[in-house]
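J.: sequence unknown, structure follows:
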């Protein structure tokens, strides 16, 4: 069963996949990560994908489908000008995070685990978002 987490981790990147021997053509991904005081060494990358922000929840998308009322004009604003309101999250449309499902083991342990690691391009942070126990 995959358990969900939202724990920050420190990640050391290195070449992954079949191109490990061909360093010039290798894709860089997580090679090691530090989680809860343990150093985990990645043995295999099981999957790699990119997720975008929840664009369907953005203010712009809600305005298009008519679930937000943007007809209110603030005092002093000219008609027809877009209104920037606190909490407007249109920047989330471009938000991406890269996910890596890896098999990793702590130290010399013969029993690896499966982990989902997430890299957020907006702030350069890594998080452990899932673990199979």
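T.: It's in. These numbers come from a predicted model, not from an experiment.

J.: least trustworthy helix or strand in this protein by mean pLDDT?
T.: helix 59-65 (a mean of 73; mean pLDDT, DSSP states H and E).

J.: quick one: that one to chain centroid distance?
T.: 24 Å (C-alpha atoms, centre = their mean, to the nearest Å).

J.: per-residue pLDDT, the residue nearest the centre of the chain?
T.: Centroid-nearest residue in the chain, with C-alpha atoms, centre = their mean: residue 97, separated by 3.0 Å. Reported pLDDT at residue 97 in the predicted model: 92.

J.: residue contacts, residue 35?
T.: Counting by C-beta atoms under 8 Å, 6 or more residues apart in numbering, residue 35 touches 7, 9, 115, 128. C-beta coordinates here come from the backbone N, C-alpha and C atoms, glycine included.

J.: and the nearest residue to residue 7 once chain neighbours are set aside, what pLDDT?
T.: Distances taken as C-beta to C-beta, 6 or more residues apart in numbering put residue 128 closest to residue 7, at 4.7 Å, once the chain neighbours are dropped. Residue 128 is assigned 98 on the pLDDT scale.

J.: Is residue 128 within a helix or a strand, and which one?
T.: strand 125-132 (DSSP states H and E).

J.: Touching that strand from outside, list them.
T.: With C-beta under 8 Å, 6+ apart, strand 125-132 has contacts from 1-11, 30, 33, 35, 99, 113-120.

J.: Same question for stretch 103-119.
T.: So stretch 103-119 is contacted by 2, 9, 11, 30, 33, 35, 38-44, 46, 97-102, 125-133 (C-beta under 8 Å, 6+ apart).

J.: for that stretch, the distance to its chain's centre please.
T.: A distance of 18 Å separates the centroid of the chain from that of stretch 103-119, by C-alpha atoms, centre = their mean.

J.: Would you indicate which residues of it are buried?
T.: With burial defined by 16 or more other C-beta atoms under 10 Å, the residues of stretch 103-119 counted as buried are 104, 112, 114, 115, 116, 117, 118, 119.

J.: Repeat that for stretch 50-70.
T.: For stretch 50-70, burial by neighbour count (16+ other C-beta under 10 Å) applies to 53, 58, 59.

J.: Which members of the buried residues of stretch 103-119 are the farthest-apart pair?
T.: Farthest pair in the buried residues of stretch 103-119 (C-beta to C-beta) is 112 and 119. Separation: 20.8 Å.
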